[in-house]
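Asks: Sequence and predicted model, in that order:
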Amino acid sequence: SQKAEEKAAEAPAENTEAAAPAASTEPIKIGVAGAHSGDLASYGLPTVNAVKLYVDEVNKNGGIDGRMVELYIEDDVCKPEVATNTASKLVSEKVVAVVGHICSGATKAALGIYKDAGILVISPSATNPELTQSGEYPNFLRTIAPDDAQARLEVDFAINTLNIKKFAVLHDKGDYGKGLAEFAKSFLEATGNGVEVVLYEGVTPGAVDYSAVVQKIGRSGAEAVIFGGYHPEASKIVTQMRKKQINIPFISDDGVKDDTFIKVAGEFAEGVYATGPVDTSSNPINIKAVEDHKAAYQADPGAFFINGYAATMALLNAIDKADSTDYDAVSKALRTEYVETPLGNISFDEKGDAIGVGFSMYQVQNGAYVELK
Amino acid sequence: MLEINNISTFYGNIQALHDVSLKINEGEIITLIGANGAGKTTTLLSVSGIVQPKSGEILFKGEPIHRMKPDKIVQMGICQVPEGRHIFPYLTVSENLDMGAFLRKDREGIKKDLEQIYDLFPRLAERRHQQGGTLSGGEQQMLAISRALMARPRLLLLDEPSLGLAPLIVQQIFEIIKKIKEESGTTIFLVEQNANLALKVADRGYVMETGRVTMEDKASSLLSNEDVKKAYLGI
Amino acid sequence: MDYFLQLFLSGLTKGSIYALIALGYTMVYGIIQLINFAHGEIYMIGAFTALIVASVLTILGFSGLSILILAGIAAVIYSSAYGYTMEKIAYRPLRNAPRLSPLISAIGMSIFLQNYVLLAQTSDFLPFPALIPEFEFLKPVSHIMSSAELVIILSSAVIMVLLTFFIKFTRMGKAMRATAQDKKMARLVGIDVDKVISLTFIVGSSLAALGGILIASHIGQINFYIGFIAGIKAFTAAVLGGIGSIPGAVLGALILGWTESFATGYVSSDYEDVFAFALLVLILIFRPAGILGKSSAQKV
Amino acid sequence: MLNELKKSLITAVWFMFLTFPIMVIKVNTVYNTIVWRWHNLIYIGVGAFFGSMIWRWLHYKKTHISERNIRERLKNGLQNAIVDNKKVLYTLIAVAVAFTFAFPHMSNAYQINIMTTALMYVVLGLGLNIVVGLAGLLDLGYVAFYAVGAYSYALLNHHFGLGFWAVLPIGGALAMMFGIILGFPVLRLRGDYLAIVTLGFGEIIRLVLENWNAFSFGPSGISGIDRPSFFGLTLNLSQSMTALYYLVLGFAVITIFCVNRLQNSRIGRAWLALREDEIACQAMGIDKTKTKLTAFALGATWAGFMGVVFAAKTTFVNPASFTFLESAIILAIVVLGGMGSILGVILAALILILLPEYLRAFSELRMLIFGGSMVLMMVFRPQGLISNVRRKYLFDKMNFGGEKTNEAK
Amino acid sequence: MKQNDQTLPVLEVKGLTMDFGGLRAVDHVDMEIQNGEIVALIGPNGAGKTTFFNCITGIYTPTSGDIIVHTKFGEKRINGKKPNQVTELGLARTFQNIRLFPNMTVLENVMIGRHCRTKAKVIGALLRDPGTRKEEKDAAAVSYGILEKIGLTHLANEMASNLPYGAQRKLEIARALATEPVLLLLDEPAAGMNPQETEELTGLIREIRDQDKIAILLIEHDMKLVMNLSDRIYVMDHGQRIAAGTPMEIKNNPEVIKAYLGEEADA
Ligand SMILES: Nc1ncnc2c1ncn2[C@@H]1O[C@H](COP(=O)(O)OP(=O)(O)OP(=O)(O)O)[C@@H](O)[C@H]1O
Ligand SMILES: Nc1ncnc2c1ncn2[C@@H]1O[C@H](COP(=O)(O)OP(=O)(O)OP(=O)(O)O)[C@@H](O)[C@H]1O
Ligand SMILES: [Mg+2]
Ligand SMILES: [Mg+2]
């Protein structure tokens, strides 16, 4: 309990320091939260790498206004109940902002705690529309477009470009996939003009075989499949569809726009459509970030790396511009200042969605995703 | 043939045997009698390796066996009819008997022995396809004894063979015990509550009290010993 | 009718996949009455070993069939080794412990092995090469059945038959049955119980490895988590059929496969697992020891 | 000594062989790369060598102790000193109580938060302990009742704005009802068959929550659930966290009290007997179904209560919180604690829930360590941390010599 | 056999039959037991004695026949009743293969027997109201009293599994007595006991009958005990009742001698 006493003695001192704007040698504490272990680690770790890479660079160049950036990296394994622990831990560590969390569910659970403590949260990957649209979380921003935007694009593309009327909408029963599919379904149903959803089903993720669902697609008379979910299930479904000679267009989302998908599905991936963030791979910052990652980890970066990188840049830029770590100032700077990121020149709207971050449609052609203009 | 020298056996921290020594000569029937909980079963289990004595030694034909695993001990020709029968409940009667001959390789011999067993216990022949677990208590006891005989042991350890058997069968069992000794020269180590009968078939006897051997004598002398009479024969 | 047939076949495939894993499960359960939650992980390790070996061989320039065979052998060897070691470390010391202790140990082992592979390899899905060649004679009906599916169905049938024979008629099989029913007595008739249990783990693990390599090349991708779901399904199948019974495991697996397949086909795949588990509950209510399970032979 | 070295050497070689493909070769079939990590082989070898030595040493100690010293340890050991010596016991309890009550004032929000979680698991563990530890019914789907409680509050709060205190009894009652509904058909199943059915039931509940959007909002869950109110006070976050801590602490105390009373009662005895021998139990006039059902329903009720608390604590629920792993962890708490032992369950809950939190520093390794320690703890303490000491209590109370003298007075 | 027309027999069995698949283990057996009577059921191994017990005590549901009890707890045809219901009606039993609750103490084992004569519910257990407390105290006292009678008080706090065999057998009887039976069914109570212990047991059984007026039906292979103790004996073979009568009659019944006793029967 001696420690506790020390802490108690420390606390008021810190408060006075925080109040004094001139105490500017204090490091800037940034939290990084997301799934860093367990089955979803591959969605969380790239962001950790991104934040680390960028912050290292910033610190090497003398920090922000002379203050070093200090990282607090905490795992939430994408579970709501763990996320509240993670959040309260970061709050206790007095971070000024958090890059994360990765999954929408965990994010929702954690946001209440951050909100109360006055901590900004920028997620690279939580796409649930409610997060920004409900207005409940003014402290939340993200560098990824919400699900409904993606669903909109898929539906518009399918109806306008591919001229399809009958749809099978599938999802993986997950937070992300099912959310997307719900939007796609409601957009389709609102279209009229003979557009209909002939099949709406969830598949069990991780199941060993999808042939029954595939047969059902075949029987439903659908002219195209819209799938909400991630690449492992998508590749299994596409492969079995093609093997069972169901050769209708397969339209999916960002979770499928991944090289692994093409590699796994092989020849069967050919022709699959997937939405993904507007291609910024020719953006010099993007190129540099990826190069840095390769140099540091000898591997290509994984999912949401760029989004995480952009989130960090936006956040640190805002702190820099605001010349303070004060919640209101930073929050305002995020919404007013534009910043060059790997995703392009972005800022945030009132709700917290990134302006200038959008999706475009891609198609697998000759074993690679090609952006369709 | 079997020599038990000063063994002490423990269950966890409870000492069940205190420096027990016994000796069985080839072709002999000895019996061990004693009250409930005296340590008779423990002595048998120590011989067959299910529990290992903490100190002391057990020699079978001069060879130490007290650190061997049970299957090796069985291989040497020591076979036990355990207390509580331990019938394999889902195996049929004939499969149970077959298990008795697990280590034997002579198919012809096994077959012949099986026939013999069925002659001995027509009840088992009648029930040969019934699951062991559904036999009546006495039927199970017959099966347990027969199963041990199927191994053609050189030393047979019998733990309360008469338990739960009808008077007629008890007589029969003791006749069989005498017969196998005479016919195949099997050595028999018999633990019995029915001390009367046991001492009648045995050559020599030991009396055990709370983990210690307290008496050792010719069976006939024990039978007429006043103390034994009072304590174990109920006369 | 055509649709029915298609669903029937997909159920058969799915069921056979479950069966391959359920067989090992049921064997291990049969002998030490342990729900070996880590069995799925053995299957996963089998698949990973096969993947690693196949990748190395591909780079060394081996050709299709020899890769399949060598990777298969490696998977079997390594899975058995893992199964054997696991039994020795996590279960054998608990032979006389309260009944639930090994169960917790098994759950711990399952978590451990998952994370071991996750850390040593990757959490991503990795493409698994299609090691099973496409058969010419199946070309015309390839939209109904692929060669991988055929191989899976045949393998599980063959393995079931072999295993039944092994258990029923070989000396080792008899020893296994005896050990399963009464370990003390098994010792007393001269069975080396520890050896028999080890052997059961080895056989069960080899089956899991075979399942791993066949299923992985059918699905085309693996990650460290595939064992868990497959394990739960296999466990369900084994119980459905009557745990400890070899034909029961296969029957249970097939019923499970068909239930899921028909539920998907005629109702909705949203609830395929709900149907599967509901069926399990129903069957167990009417046959408390599973379809082919022996009801208690215990007499009072 | 040489022999020991040899054994360790063999173990090391075996583990090097065993881990060779997975630890040494890292393939990435997306990019067709292979990395050879030979250094891992050396780590494994050295690790296994010393690991096996420690392993055998621990084993030696374990068997050694169990054969020689258990009795003395039991006689003089800490555990019994606690139980026998009322003074020590009460002092210890007093210290523990003082600590738990003072805890929020000595630590930060994070500590309070994880301690609250740990206490919730104490209650869950004790609830499941009724089912598994006392009545001997292996329940692998306990989390289903937890989910019922959590969703009762989430939904009632979302749709009707009902408050925490109003829903708490409703959540408990609903969970109990589910317990009874499930219990009726399945309780005649034996051991592991019951296990799989309860596992299936747990999955069914989760799957329904996941798929029935109209009812449960599906996988995206329900957010913005109200935290509990306390006497109409308006609390900020850290105050309400502290309040919640005390609430759960109170719950834990009440649960301990209840479970303790239950297990020393007529019903508790019947549960124990049922666990030991069902047939004999029936022959003694105990209604098997009714007794089991009581245990099942009571256990479920506690899970229901905690579910409500859970929803109030995280302010967000989705089906992902109610997976099989959750059931497994609660079960591990019961078994690890020592079946039927209240003190053991408390200790195990604290260990199993706090361990991963304090292992955060090892971020990636922590689940590996977690799984590994579950195995190790079982191997070296198969009967659990604390074996059930309840019977000793019973003797004390039923000291008939004492009673007779009382009567004489 | 009715001694008094007003008193009905405690147990009345008519044409009881039990089949296992093709095997008829009990074949149209009749039996009547009066209050306070000691009746023995003997017969070769596999004759169907234990099965007969199991039918009466609700462990098996008989294929056909009637089992009727008349006790202070009620009069009923109990075919197909659950074991606990049968016990509540005043029929208690012991098992051929001992079935104690091994990890409970001796006293607790007996207290389990009190279960069906006590009422405390969950609420009572939680609140520990005076009623419950009294009931609990009484249950312990009664159980202790029974242990006293059986002579096991010195072991009251011992784990049942640690008891010597003979004591375990006695404990089974004590446990059954705790249910306040009107009829006590004992399945081979003397098995595994040495002659000396058997002697003691004989005394105990007689005492139970004399003091508590409990009727006793017992299966036993120890002829000395059977002949000493029983008022009447039934003999079964191959599921059928082959004889019934006083010990004297049975001892000299040639059919019984041939099927069961053997020549040098009585010890
Ligand atoms: N598994 C065990 N664990 C602990 N103690 C045991 C165990 N088995 C036996 N004992 C104890 O060891 C002592 C000797 O028991 P043992 O079974 O050898 O006696 P016995 O002479 O065969 O008696 P019985 O005639 O009842 O069969 C007894 O006090 C008994 O309580
Ligand atoms: N559950 C069952 N299934 C099949 N057969 C059974 C079952 N229970 C008993 N039997 C058979 O019924 C017959 C009668 O058995 P029971 O146990 O009643 O005999 P018993 O008279 O008690 O014999 P013992 O004196 O040996 O105990 C036996 O032949 C037995 O094999
Ligand atoms: Mg004995
Ligand atoms: Mg009988």
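Replies: Ah, there it is. Ligands and ions are numbered 1, 2, ... in the order given.

Asks: Residue 125: what's it in contact with?
Replies: Just going to use chain A. Residues in contact with A:Ser125 (C-beta atoms under 8 Å, 6 or more residues apart in numbering or on different chains) are A:34, A:43, A:47, A:102-103, A:142, A:144, A:303-304, A:307-308. In this view, the C-beta of every residue, glycine as well, is placed from N, C-alpha and C.

Asks: Chain B is the one I meant
Replies: Shown in contact with B:Ala125 (C-beta under 8 Å, 6+ apart): B:118-119.

Asks: element containing it, please.
Replies: helix B:122-126 (DSSP states H and E).

Asks: Report the mean per-residue pLDDT for that helix.
Replies: Taken as a whole, helix B:122-126 has a mean pLDDT of 89.

Asks: before we move on, what SS does the residue positioned nearest the centre of chain B have?
Replies: For chain B, the residue nearest the mean C-alpha position is B:Leu158 (1.2 Å; C-alpha atoms, centre = their mean). Assigned with DSSP: H, G, I helix; E, B strand; the rest coil, B:Leu158 falls in the strand class.

Asks: does it have beta-bridge partners, and which?
Replies: Beta-bridge partners for B:Leu158, by DSSP bridges, are B:Val81, B:Leu190.

Asks: Read off the pLDDT value for it.
Replies: Per-residue pLDDT puts B:Leu158 at 92.

Asks: Okay, strands next: where are they in chain B?
Replies: Remark: strands assigned in chain B by DSSP state E are B:2-11, B:14-24, B:29-34, B:55-60, B:63-64, B:78-81, B:155-159, B:187-191, B:204-209, B:212-218.

Asks: does any bit of the helix or strand harbouring D:Thr255 sit next to chain A?
Replies: Assessed by DSSP H and E, D:Thr255 sits inside helix D:237-263. Yes: on the criterion C-beta under 8 Å from any C-beta of the partner chain, helix D:237-263 is in touch with chain A at D:237-238, D:241.

Asks: Which helix or strand lies directly C-terminal to that helix?
Replies: Tracing the chain past helix D:237-263, the next element assigned as helix or strand by DSSP H and E is helix D:266-276.

Asks: ok, that next one near chain C or not?
Replies: No: on the criterion C-beta under 8 Å from any C-beta, helix D:266-276 is out of touch with chain C, staying 10.3 Å away.

Asks: Give the buried residues for the lowest-mean-pLDDT helix or strand in chain B.
Replies: Across the helices and strands of chain B, mean confidence by mean pLDDT, DSSP states H and E is lowest for helix B:226-228: a mean of 84. By neighbour count with 16 or more other C-beta atoms under 10 Å in any protein chain shown, helix B:226-228 contains the buried residues B:Val228.

Asks: Kindly report the same for stretch E:175-185.
Replies: E:175-185.

Asks: most packed of the strands of chain B?
Replies: Highest mean neighbour count among the strands of chain B (mean count of other C-beta atoms under 10 Å in any protein chain shown): strand B:78-81, with a mean of 27.

Asks: Spatially nearest residue to the residue minimising distance to the centre of chain D (excluding sequence neighbours)?
Replies: What sits nearest the mean C-alpha location of chain D, by C-alpha atoms, centre = their mean, is D:Ile333, with 2.8 Å. Of all residues not flanking D:Ile333 in the chain, D:Gly125 sits nearest, at 3.9 Å (C-beta to C-beta, 6 or more residues apart in numbering or on different chains).

Asks: Tell me the backbone dihedrals of E:Gln240, please.
Replies: Main-chain dihedrals, E:Gln240, degrees, to the nearest 10: phi -110, psi 150.

Asks: For B:Leu163, see how far away E:Asn45 is.
Replies: Look at E:Asn45 and B:Leu163: by C-beta to C-beta, to the nearest Å, they are 11 Å apart.

Asks: and for the two, which residues touch both?
Replies: B:Gln141.

Asks: Now look at stretch D:310-330 and say if it contacts chain C.
Replies: Yes: counting by C-beta under 8 Å from any C-beta, chain C has neighbours in stretch D:310-330: D:324, D:328.

Asks: And that stretch, end to end?
Replies: End-to-end distance for stretch D:310-330, by C-alpha to C-alpha, to the nearest Å: 15 Å.

Asks: is it anywhere near chain A?
Replies: Yes: using C-beta under 8 Å from any C-beta, stretch D:310-330 comes into contact with chain A via D:310, D:313-318, D:320-321.

Asks: of the residues you listed, closest to B:Asn25?
Replies: Of all the residues of stretch D:310-330 next to chain A, the one sitting nearest B:Asn25 is D:Ser321; the distance, using C-beta to C-beta, is 72.5 Å.

Asks: Which residue is it, in chain B, that comes closest to chain D?
Replies: B:Asn13 (4.7 Å; C-beta to the nearest C-beta).

Asks: Report how many residues lie close to that residue.
Replies: Counted with other C-beta atoms under 10 Å in any protein chain shown, residues neighbouring B:Asn13 total 15.

Asks: which regions of the stretch 1-150 of chain D sit below the pLDDT cut-off?
Replies: D:64-86 (pLDDT under 70).

Asks: How about the residues of it by chain E?
Replies: Counting by C-beta under 8 Å from any C-beta, the stretch 1-150 of chain D has no residue next to chain E.

Asks: mind listing the helices for the stretch 51-200 of chain C?
Replies: Applying DSSP state H, counting those that start in this stretch to the stretch 51-200 of chain C gives helices spanning C:64-86, C:100-120, C:147-169, C:171-181, C:183-188, C:193-219.

Asks: I figured E:Asn97 hits B:Gly137, correct?
Replies: Yes: if you go by C-beta atoms under 8 Å, E:Asn97 and B:Gly137 touch, sitting 7.1 Å apart.

Asks: The two: which has the busier surroundings?
Replies: B:Gly137 (22 against 16).

Asks: Give me the pLDDT value at the more buried one.
Replies: Note on B:Gly137: pLDDT of 83.

Asks: Please name the residues that touch the nearest residue to it once chain neighbours are set aside.
Replies: Leaving aside its sequence neighbours, B:Gly137 sits nearest to B:Gly164 (C-beta to C-beta, 6+ apart; 4.4 Å). With contact taken as C-beta under 8 Å, 6+ apart, B:Gly164 is in contact with B:137-138, B:141, E:45, E:96, E:188, E:191, E:221.

Asks: quick one, phi/psi of B:Gly164?
Replies: Note on B:Gly164: its backbone torsions stand at phi 80, psi 10 [degrees, to the nearest 10].

Asks: mind checking how far D:Ser152 is from ligand 3?
Replies: Separation of D:Ser152 from ligand 3 (C-beta to the ion, to the nearest Å) stands at 57 Å.

Asks: And what about that residue, helix, strand or coil?
Replies: D:Ser152 ends up helix, using three-state DSSP.

Asks: what's the answer for D:Ala348, then?
Replies: helix.

Asks: these two touch, right, it and D:Ile333?
Replies: Yes: the pair D:Ala348 / D:Ile333 is scored as a contact, 4.6 Å apart, by C-beta under 8 Å.
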